[in-house]
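Q: need coordinates for the following:
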Amino acid sequence: MGGKKIAINTGGGDAPGLNAVIEAVVMSADRRNWEVYGIKNGYAGLLNTNEIVRLTPESVRGISIMGGTIIGTTNRGNPFKMPVTSVTGETEFRDVSDKVVENFRRLGFDCLIALGGDGSLKIAYDFFKKGMPVIGVPKTIDNDLGGTVITFGFDTAVSIATEAIDRLHSTARSHDRVMVVEVMGRHAGWIALNSGLSGGADVILIPEIPFDIDKVCKHIMANELHGRHYAIVVAGEGAAPVGGTEIAKGKGEAGRQELLLGGVGEYVAKEISSRTGKDTRSLVLGHLQRGGSPTTFDRLVSLRFGAAAVRMIEMKNFGKMVALDPPEMKAVPLEDVIGKIRKVPLNSDNIQTAREMGVCLGD
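A: Presented below is the predicted three-dimensional model:
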């Protein structure tokens, strides 16, 4: 089994735990006398092969405690639809995937380990269909990928959001103020629900439950009758009012169809202020949730994902994603995962717990 050459890349937004996966892959491969090469900035390194770097135990040892990714990442590097500026200055999209496959084979790689969320794993699966041996590792702070109980990066994002909510209690209490905190998560409410519940929020708004702003305000004013003159509202960026749509700041990068979500926190704060007369402020946590060192849980699960990916290469179990199915890691076909957003089940225990705790979910 000696002599294998493994490529690894990271795609999409950064997330705490990426470096831990890389470290585990390199250390596990080294035990088998395999070589690992980092493909910089998504697939750019397989188009411009000057952006490929050898990863050795010496170069990665200890990086599991670091946030970000040592090999870079990008949201704009889909080789099947690569944006190129034409001579007229307009953006055109070209399929350069054949060049990626050609370079992959020319360089003698035996497998690509692709770390990413739904979009990145879709690209990896498309390359698998073109004959490239690939293995996916689920990365997204949104925790919205199917097939796995949890994605790495999620626990850190929830911890950061919870700490922010904790800190807002004292300032909200001091000023008898309503604080509305907008967190990430896109179309799934995992971060909002988990951080809001852990942080003692009065109201939690998630994409899975359209909210009635009148019921939100009624809940806040009911607190006034019980001597609680402040409130904490946590809103997932994809939350929307009943009969309304998600609030967005605009479109994504060229060639990407999804909206740039954002603004629901400000909207909710303005509505609460105008309807209740309460001093209300909004705060967007944004990319703070993606930065910094991973939590203990994310470090451990990331190391497990990386080691499991190497074992899957050993078994030639390609076209699969490493998934956590406690207490084991398992291989799930990529085709069963991509394009299937895992949302918060409305009958989940966390939802039930929030209701038992008297938290308003906007319905």
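Q: in which helix or strand would I find residue 308?
A: Taking DSSP states H and E as the definition, one finds residue 308 inside helix 296-314.
Q: ditto for residue 127
A: helix 118-129.
Q: can you list the strands that the helix or strand following that helix pairs with?
A: Per DSSP H and E, the first helix or strand lying C-terminal to helix 118-129 is strand 134-138. Using DSSP bridges, the strands paired with strand 134-138 are strand 111-116 (parallel), strand 320-325 (parallel).
Q: and strand 134-138 with helix 296-314, angle?
A: Put simply, strand 134-138 runs at 170 degrees to helix 296-314, going by axes from the mean of the first three to the mean of the last three CA atoms, to 10 degrees.
Q: what residues of strand 134-138 count as buried?
A: For strand 134-138, burial by neighbour count (16 or more other CB atoms under 10 Å) applies to 134, 135, 136, 137, 138. Heads up, the C-betas are built off the backbone N, CA and C, glycines and all.
Q: now do stretch 292-300
A: For stretch 292-300, a neighbour-count test (16+ other CB under 10 Å) marks 293, 294, 295, 297, 298, 299, 300 as buried.
Q: looking at this protein, which helix or strand does the model trust least?
A: strand 248-251 (a mean of 74; mean pLDDT, DSSP states H and E).
Q: and whichever helix or strand comes after it, how far out from the chain middle?
A: Using DSSP H and E, the helix or strand that directly follows strand 248-251 along the chain is strand 259-261. The chain centroid and the centroid of strand 259-261 are separated by 14 Å, computed with CA atoms, centre = their mean, to the nearest Å.
Q: ditto for stretch 96-107
A: Chain-centre distance of stretch 96-107: 28 Å, with CA atoms, centre = their mean.
Q: so for that stretch, what gets flagged as buried?
A: Neighbour count says stretch 96-107 has 96, 97, 100, 101, 103, 104 buried, by 16+ other CB under 10 Å.
Q: my read: residue 110 touches residue 5, true?
A: Yes: Residue 110 lies in contact with residue 5 (CB atoms under 8 Å); the separation is 5.6 Å.
Q: so what does the longest helix seen in the chain touch, helix or strand wise?
A: Determined from DSSP state H, the single longest helix within the chain is helix 154-175. Packing partners of helix 154-175 (3 or more CB pairs under 8 Å, 6 or more residues apart in numbering; DSSP states H and E): strand 178-183, helix 190-198, strand 231-236, helix 296-314.
Q: need the distance between the two termini of stretch 139-156.
A: Its start and end residues considered, stretch 139-156 measures 12 Å (CA to CA, to the nearest Å).
Q: stretch 104-120 now?
A: From start residue to end residue, stretch 104-120 stretches across 17 Å - CA to CA.
Q: sort out which residues of it are buried, please.
A: Of all the residues in stretch 104-120, those buried under the rule 16+ other CB under 10 Å are 104, 109-120.
Q: where in the stretch 1-150 of the chain is pLDDT low?
A: Within the stretch 1-150 of the chain, the segments meeting pLDDT under 70 span 1-2.
Q: hey, where'd the helices end up in it?
A: Counting by DSSP state H, counting those that start in this stretch, the stretch 1-150 of the chain has helices at residues 18-31, 57-60, 97-106, 118-129.
Q: compare these and give me the one nearest residue 314.
A: Nearest to residue 314, of all those, is helix 18-31, at 9.3 Å by CB to CB.
Q: chain center to the closest one, what's the gap?
A: The chain centroid and the centroid of helix 18-31 are separated by 21 Å, computed with CA atoms, centre = their mean.
Q: same thing with stretch 300-310?
A: For stretch 300-310, the distance to the chain centre is 17 Å (CA atoms, centre = their mean).
Q: then stretch 320-334?
A: Chain-centre distance of stretch 320-334: 17 Å, with CA atoms, centre = their mean.
Q: over to stretch 282-294?
A: 12 Å.
Q: repeat for stretch 96-112
A: 27 Å.
Q: quick one, phi psi at the spatially most central residue of the chain?
A: In the chain, the residue lying closest to the centroid (CA atoms, centre = their mean) is residue 140, at 2.2 Å. Residue 140 has phi and psi values of phi -170, psi 130 when expressed as degrees, to the nearest 10.
Q: now do it against residue 101, distance only.
A: Distance, residue 140 to residue 101, using CB to CB, to the nearest Å: 26 Å.
Q: over to residue 268?
A: Relative to residue 101, and taking CB to CB, residue 268 is found at 47 Å.
Q: sorry, back to before: among the buried residues of strand 134-138, which pair sits farthest apart?
A: Farthest pair in the buried residues of strand 134-138 (CB to CB) is 134 and 138. Separation: 13.5 Å.
Q: circling back to that earlier point, dump the buried residues of strand 134-138 to TSV, plus distance to residue 88.
A: Listed next are the buried residues of strand 134-138 as TSV, based on distance: CB to CB, whole Å:
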residue	distance to residue 88
134	36
135	41
136	38
137	40
138	40
